[in-house]
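quick one, what's the 3D model for this:
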Amino acid sequence: MRIQAVGDSAVRVGFPGEISEEMNANIRGFCRKLEEAAIRGVIEWVPAYQSVTVYYDPHYIGYREMKQNIAEVGAGEIPEAGIESRLIHVPVQYGGDSGPDLYRVARENGLQPEEVIEIHQQPEYLIYMLGFLPGFPYLGGLDQRIATPRLQEPRPKIDPGSVGIAHGQTGVYPIASPGGWNLIGKTPLKLFQLEKGKQGFFLQAGDRVKFFSISALEFKQVEEQVEMGTYVVHTEGSEGNATD
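From the prediction side, this is the model:
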């Protein structure tokens, strides 16, 4: 691992090698060991594709001591057992006003829109990191048959829940934002809600996501249930079923 200072209140822990599911598992294992270490002064840590940024309070701990503690955490074997991942099934209404770029993605790749939808739903996507916006999941595992470059001119505003493709990645906009990803659909689920209390992020790094198609009528029904807090998200894994 390579440990670098990021200002006076954070360190970046870099992991060597190519971006892969194995590296992601190592990063998640390191984060677990970091949590168990309970280093005094550590505020939070943010996993990314090839690194973890650890934020700390410099009033409680200095850079040298923090670097030494981080090195000790990373010196031991990274645990593999017990690093479980949730599989979350996310409903999406594809095309139309919800996915204005569906035909563009199809045209760019010599496919029919129905083929793009089918291909997009097949993988179980791994969330490598959250970033760009609060709760925005960067999903790895997109089939290269539907990989599509970003728009040359970004949209000034994209609705929350919009599902997009940019080059070899897919993701979901958690809040209204400008953006240049190709929009192919929209989910009625809310990925970021401050009013939900301590845990405002619906998805977490290390989770897996599988999309499934719903109709316009089903979208409205799910949207209403989400607003009332009665919609049950089909979730497989360490936490069982969960409600949105």
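
can I see the domain layout of the chain?
Listed domain ranges for the chain are 2-75, 87-243 (source: automatic domain parsing).

give me the buried positions along stretch 96-107.
Buried residues in stretch 96-107, defined by neighbour count with 16 or more other CB atoms under 10 Å: S98, G99, D101, L102, R104, V105, A106. Yep, even glycine has a C-beta here, placed from its N, CA and C like the rest.

start to end distance for stretch 52-60?
End-to-end distance for stretch 52-60: 20 Å, by CA to CA, to the nearest Å.

repeat for stretch 146-161
Start-to-end, stretch 146-161 (CA to CA) is 20 Å.

phi and psi next, for G99.
Torsion angles at G99 (phi, psi; degrees, to the nearest 10) stand at phi -140, psi 70.

isn't it up against K186?
Yes. With contacts defined as CB atoms under 8 Å, G99 counts as touching K186 at a distance of 6.8 Å.

who touches both of these two?
Each of Q93, V163 lies in contact with both G99 and K186 under the rule CB atoms under 8 Å, 6 or more residues apart in numbering.

coming back round to it: which stretch among the domains of the chain is buried most, on average?
domain 87-243 (a mean of 17; mean count of other CB atoms under 10 Å).

pLDDT of that one, averaged?
Averaged over domain 87-243, pLDDT sits at 90.

renumber starting at 42 from here on
Right, with 42 as the first residue, what we last looked at is domain 128-284.

which residue is nearest the centroid of the protein?
For the chain, the residue whose C-alpha lies nearest the mean C-alpha position (CA atoms, centre = their mean) is P178; its distance is 2.1 Å.

contacts only, for that one.
Taking CB under 8 Å, 6+ apart, we find P178 in contact with I168, M170, L171, G212, V213, L232, L244, D248, V250.

looking at these, which are in strands?
Of the contacts of P178, the ones assigned to strands by DSSP state E are I168, M170, L171, G212, V213, V250.

ok, the nearest residue to Y104 once chain neighbours are set aside to R53 distance?
Leaving aside its chain neighbours, Y104 sits nearest to A46 (5.6 Å; criterion: CB to CB, 6 or more residues apart in numbering). Plainly put, A46 is 8 Å away from R53 if you go by CB to CB, to the nearest Å.

about what we covered before: hmm, P99 and the residue nearest to Y104 touching each other?
No. With contacts counted by CB under 8 Å, A46 stays clear of P99, the gap being 10.8 Å.

tell me what the strand or helix carrying I160 is packed against?
Per DSSP states H and E: I160 is located in helix 154-162. Helices and strands touching helix 154-162, by 3 or more CB pairs under 8 Å, 6 or more residues apart in numbering; DSSP states H and E, are strand 128-135, helix 143-149, strand 223-227, strand 249-254.

close enough to count as contact, K198 and I216?
No. Using CB under 8 Å, K198 is not in contact with I216, being 10.6 Å away.

which residues does the helix ranked longest in the chain contact?
Ordering each helix of the chain by length in residues (DSSP state H) puts helix 62-78 first. Helix 62-78 has contacts (CB under 8 Å, 6+ apart) with 54, 56, 58, 83, 86, 88-93, 95, 110-111, 113-115, 117, 119-121, 123-124, 167, 169, 181, 246-247.
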